[in-house]
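Undergrad: Fold the following, please.
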Amino acid sequence: MGVLGTVRAQMHLRQILNAPGMGAKVLPGNEILIGTIQDKVDEQGLLNDQKTIDFIDGVLDQFISFAEEQKAKTTPS
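TA: Below you'll find the model as predicted:
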């Protein structure tokens, strides 16, 4: 809930996924870090900060493109 959000947890997860032998496909530089989340949700816990919603939409669009590219690489022609 602080300013840095989940930055450390995401950094460690990325290290694990990039470790030798894991073979994970990790989209570089596409992270969602939401600092002070408590100020961006309503009483029900729903995100209500439009700038954050727009940012997440953009990140998800990039992820979908990445996933489609990866699928195209592994699908036989």
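Undergrad: pLDDT value on residue 77, please?
TA: Residue 77 is assigned a pLDDT of 68 by the prediction.
Undergrad: Same check on residue 70?
TA: 89.
Undergrad: just the helices in this protein please.
TA: Here the chain has its helices, by DSSP state H, at 7-17, 50-74.
Undergrad: would you list those in JSON lines and tack on mean neighbour count and distance to residue 43?
TA: (Glycine included, C-beta is placed from N, CA and C.) Formatted as JSON lines, the helices of the chain follow (neighbours: other CB atoms under 10 Å; distance: least, CB to CB, whole Å):
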{"stretch": "helix 7-17", "mean neighbour count": "12", "distance to residue 43": "26"}
{"stretch": "helix 50-74", "mean neighbour count": "11", "distance to residue 43": "17"}
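Undergrad: mean pLDDT for these: which is lowest?
TA: helix 7-17 (a mean of 87).
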